[in-house]
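Trainee: I would like the atomic coordinates for the input below:
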Amino acid sequence: MRARSTIFTLFVEYIYPERRARVRDLITMMEVLGFSEAAVRAALSRSAKRGWVVPERRGRIAYYALSDRVYWQVRQVRRRLYEARTSWDGRFLLVLPEGPKERGERERFRREMALLGYGSLQSGVYLGAGVDLAATQELLAFYGLSATLFRAEHLGPKEEVLRAFSLKEASAHYQTLFSSVPPVLEDPLLAFRTLTRLVHEMRKLLFLDPLLPPEFLPPGFPGPSARERFLTLRETLYRQAEPFLKRLSLSPLTPGGITFRG
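Mentor: Presented below is the predicted three-dimensional model:
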């Protein structure tokens with residue numbers, strides 16, 4: 001876990017729907033995860049230079065707020081991790097964007113399309129099932145790209161669809177997802193560390209697993225069962241971590257999708 005990426009995970013899991021957090025709270029959480037204060041401040045400073053976060057001050061209290069662009073990314077991660085999927089209408093969304101032309105920009109765009117649930121059917125052709133059209137259009141607008149979009153039914157074998165996605169790699173990651181979860185989690189700090197690492201790994205899996213409809217999944221694919229176990233374990237870990245989280249100035253104290261309140 002790298003510092004900047006871990007800070008993003010903290011915003012995803014503990015700070016949303018707020019978009020700003022006290023620097024002291026971020027340092028406290030990151031220190032529990034094994035990062036020094038100097039490393040956290042350096043990561044925040046680098047993120048600010050890239051325009052990912054914005055430093056703020058209210059009286060004597062220092063904050064960092066997410067930029068509009070990064071806040072959008074947080075919303076997409078939470079939507080795919082935690083919101084119930086709507087029923088699939090049987091049609092795929094095909095997106096044929098005009099660009100980006102620069103190689104690094106193309107790779108960033110490809111990864112963000114994967115975050116939304118798209119696979120690459122071939123160069124410059126993105127395929128998604130049950131993806132969010134509005135989020136797709138927003139992403140195209142972020143990059144200033146025009147695109148041709150189609151809704152279409154697939155008439156061939158499902159293997160033709162599966163080639164667009166990294167399900168083998170996703171399956172390997174799912175197999176080890178819970179291997180580091182301790183059998184006993186009575187310590188709030190240990191529960192916080194375990195939950196944060198699980199969320200961190202699950203959000204990275206969103207780049208590999210498009211959350212395809214069940215009829216398109218290969219036999220034995222562990223994604224759905226791993227996701228169900230993660231959501232159950234997340235609620236348990238959140239309860240166990242509450243004594244630590246209540247020491248912070250976070251609001252709300254509980255993640256979306258969990259009904260109990262601290």
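Trainee: which stretches of the stretch 151-262 of the chain aren't confidently modelled?
Mentor: 251-262 (pLDDT under 70).
Trainee: tell me where it has helices.
Mentor: If DSSP state H, counting those that start in this stretch is used as the criterion, the helices of the stretch 151-262 of the chain fall at 158-162, 167-175, 188-205, 223-245.
Trainee: could you identify which of the ones you listed is most buried?
Mentor: For the helices of the stretch 151-262 of the chain, the largest average neighbour count (mean count of other CB atoms under 10 Å) is found in helix 188-205, namely a mean of 20. (Each C-beta comes from the backbone N, C-alpha and C, glycine too.)
Trainee: now do that helix: everything it contacts.
Mentor: Contacts to helix 188-205, defined as CB atoms under 8 Å, 6 or more residues apart in numbering, come from residues 1, 5-6, 9-10, 12-13, 29, 32-33, 77, 81, 170, 173-174, 177-178, 180-182, 185, 227, 230, 233-234, 237-238, 240-245.
Trainee: thought residue 88 was touching residue 214?
Mentor: No: between residue 88 and residue 214 there is no contact under CB atoms under 8 Å: 9.2 Å.
Trainee: more crowded one of those two?
Mentor: Ranked by neighbour count (other CB atoms under 10 Å), residue 88 and residue 214 place residue 88 first, with 14 against 9.
Trainee: which residues touch the more buried one?
Mentor: So residue 88 contacts 129-130, 213 (CB under 8 Å, 6+ apart).
Trainee: and residue 129, by the same measure?
Mentor: Contacts of residue 129 by CB under 8 Å, 6+ apart are 88, 92-93, 117, 161, 210, 212-213, 216.
Trainee: partner residues bridging the nearest residue to residue 212 once chain neighbours are set aside?
Mentor: Distance criterion CB to CB, 6 or more residues apart in numbering; nearest residue to residue 212, sequence neighbours excluded, is residue 129 at 5.5 Å. Beta bridges link residue 129 to residue 92, judged by DSSP bridges.
Trainee: and the gap between residue 129 and residue 98?
Mentor: 23 Å (CB to CB, to the nearest Å).
Trainee: again, but for residue 115
Mentor: 20 Å.
Trainee: the more surrounded of these two?
Mentor: residue 115 (18 against 11).
Trainee: I'd guessed that one sits against residue 75; true?
Mentor: No: the pair residue 115 / residue 75 is not scored as a contact, 11.1 Å apart, by CB under 8 Å.
Trainee: please give me every residue in contact with residue 244.
Mentor: Neighbour list for residue 244: 32, 188-189, 191-192 [criterion: CB under 8 Å, 6+ apart].
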